[in-house]
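Asks: Here you go, sequence then predicted model.
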Amino acid sequence: MSNVKQNKELTRRDMLFGGLRCAALGVMGAGGLAAALKRKKLLREGKCLNNGICPQCHVFADCGLPRARSIRDKNSERSDG
């Protein structure tokens with residue numbers, strides 16, 4: 001064990017890196033928020049989120065867009081007939 005006190009003062013470099021870390025976290029948070037808001041806007045406007053790839057879409061069963069409805073109707077006709 002050493003009896004040397006550790007210096008708890010921040011150096012200029014530590015302050016700079018700490019500020020950059022906080023700024024990077026803020027930018028990532030803002031990007032995530034922007035992506036979430038864009039997704040909600042597209043859904044509200046009735047636009048497809050997955051470029052029209054309906055059967056592989058995770059919201060296909062609940063999607064109200066015309067293309068998804070027609071594909072579900074065709075699939076139900078095939079299984080009925």
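Replies: The structure has been received and is ready for your questions.
Asks: Any idea how far the longest helix anywhere in the chain is from the middle of the chain?
Replies: Secondary structure of the chain per DSSP state H: the longest helix is helix 12-45. Distance of helix 12-45 from its chain centroid, counting by Cα atoms, centre = their mean, to the nearest Å, is 11 Å.
Asks: now swap in stretch 50-66 and tell me
Replies: The answer for stretch 50-66 is 17 Å, by Cα atoms, centre = their mean.
Asks: can you check stretch 73-81 too?
Replies: Worked out by Cα atoms, centre = their mean, stretch 73-81 lies 34 Å from the chain centre.
Asks: Which positions within that stretch qualify as buried?
Replies: By neighbour count on 16 or more other Cβ atoms under 10 Å, the buried set for stretch 73-81 is empty. Just so you know, the C-beta spots here come from the backbone N, C-alpha and C atoms, and that holds for glycine as well.
Asks: Next: stretch 57-77.
Replies: So for stretch 57-77, counting by 16+ other Cβ under 10 Å, buried means Cys57, Cys63, Leu65, Ala68, Ile71.
Asks: Where does the closest residue to the first one other than its chain neighbours sit: helix, strand or coil?
Replies: Okay, so that is Cys57. Excluding the flanking residues, the one nearest Cys57 by Cβ to Cβ, 6 or more residues apart in numbering is Asn50, at 4.7 Å. Using DSSP: H, G, I helix; E, B strand; the rest coil, the structure places Asn50 in coil.
Asks: distance of Asn50 from Leu65?
Replies: 11 Å (Cβ to Cβ, to the nearest Å).
Asks: sorry, back to before: report the mean confidence score over the longest helix of the chain.
Replies: Here helix 12-45 scores 91 as its mean pLDDT.
Asks: distance between the following helix or strand past that helix and the chain's centre?
Replies: Next in sequence after helix 12-45, counting helices and strands by DSSP states H and E, comes helix 66-80. Centroid separation between helix 66-80 and its chain, computed with Cα atoms, centre = their mean, is 29 Å.
Asks: tell me the mean pLDDT for helix 66-80?
Replies: Here the average pLDDT along helix 66-80 is 79.
Asks: Please put the alpha-carbon coordinates of it into PDB.
Replies: Provided in PDB are the C-alpha atoms of helix 66-80 (Å, rounded to 0.1, in the frame of the first residue of the first chain):
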ATOM      1  CA  PRO A  66     -54.300  -0.900 -48.300                       C
ATOM      2  CA  ARG A  67     -51.400  -3.100 -49.500                       C
ATOM      3  CA  ALA A  68     -51.300  -5.000 -46.200                       C
ATOM      4  CA  ARG A  69     -55.100  -5.400 -46.100                       C
ATOM      5  CA  SER A  70     -55.100  -6.800 -49.700                       C
ATOM      6  CA  ILE A  71     -52.300  -9.300 -49.000                       C
ATOM      7  CA  ARG A  72     -54.200 -10.500 -45.900                       C
ATOM      8  CA  ASP A  73     -57.400 -10.800 -47.900                       C
ATOM      9  CA  LYS A  74     -55.600 -12.800 -50.600                       C
ATOM     10  CA  ASN A  75     -54.000 -15.100 -48.000                       C
ATOM     11  CA  SER A  76     -57.400 -15.700 -46.300                       C
ATOM     12  CA  GLU A  77     -59.000 -16.500 -49.700                       C
ATOM     13  CA  ARG A  78     -56.200 -19.100 -50.400                       C
ATOM     14  CA  SER A  79     -56.700 -20.800 -47.000                       C
ATOM     15  CA  ASP A  80     -60.500 -20.800 -47.400                       C
END
